[in-house]
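> structure of the sequence below:
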Amino acid sequence: MTRAIRQPKKGVVSAESAPPIQLPAAMTGKASGAKAATGDKPVFAYIASLPEPQRGIAERIDSLAVKSLPGLQRAVKWGMAYYGVEGGWCFSSGAFIGHLKLMFIRGTELKPEPPVTPIGMGKSTRGVELASVEEIDEGRLGAWMQQAARMPFAGGKKR
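Take a look at the predicted model:
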């Protein structure tokens, strides 16, 4: 099932003048319905399935992760791309209508702390919402990725 929304033309404020685009039903506010799987291939398939501008943003985030995380590991979990290193997961990237969320699992421990507190992703998760490739601050995001790689989340509850 898909839902038509209007995508604004460049430089035009009104979304009414743009032709409708079709988003998968999973993109109407929630993370995608991509199935859980470990490895590069499922993440690349997830990214390829996204509409623009989310696809372009996700491709840049993935490329930055390759540069920033030694021994990068990828997976699709809960309908989002997850990135980690040996020892655990560091952050996730999930597409929603109009933006992509980049969420750091232990975000409250990052300096400076990312500004967005997501709903339903854990008390310490923080991140950013990116609506265009131009909003990507590679220096800041890369620094957060490197910090996150030094303290990956292995899962489970603290004892």
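
> pull the longest strand from this protein.
Here the longest strand in the chain is taken by residue count, with DSSP state E as the criterion, and it is strand 88-96.

> pull the residues that contact that strand.
By CB atoms under 8 Å, 6 or more residues apart in numbering, the list of residues contacting strand 88-96 from outside reads 27, 29-32, 50-51, 54-55, 58, 61-62, 65, 69, 75, 77-84, 100-105, 127, 144-145, 148-149, 152-155. Every residue, glycine included, has its C-beta placed from N, CA and C.

> so what's the gap between the longest helix seen in the chain and the chain middle?
If you go by DSSP state H, the chain has its longest helix at helix 54-68. Using CA atoms, centre = their mean, to the nearest Å, the distance from the centre of helix 54-68 to the centre of the chain it belongs to is 9 Å.

> got the buried residues for that helix?
The neighbour-count check on helix 54-68 (16 or more other CB atoms under 10 Å) flags 54-58, 60-62, 64-65, 68 as buried.

> circling back to that earlier point, which of the contacts of strand 88-96 count as buried?
By neighbour count, with 16+ other CB under 10 Å, the contacts of strand 88-96 hold 27, 31-32, 50-51, 54-55, 58, 61-62, 65, 69, 75, 77, 79-84, 100-105, 127, 144-145, 148-149, 152-153 as buried.

> just to revisit the earlier point, other SSEs contacting the longest helix of the chain?
Here helix 54-68 touches helix 40-49, strand 80-85, strand 88-96, strand 99-104, helix 138-149, going by 3 or more CB pairs under 8 Å, 6 or more residues apart in numbering; DSSP states H and E.

> check what contacts the fourth one and list those residues.
Contacts of strand 99-104 from elsewhere in the structure, counted by CB under 8 Å, 6+ apart, are 54, 57-58, 61, 90-95, 110, 114, 116, 118, 121, 125-131, 141, 144, 148.

> type out the PyMOL command that picks the buried ones from those residues.
Only the buried entries of those go into this PyMOL selection, using 16+ other CB under 10 Å:
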select buried, resi 54+57+58+61+90+91+92+93+94+95+110+114+121+125+126+127+128+130+141+144+148
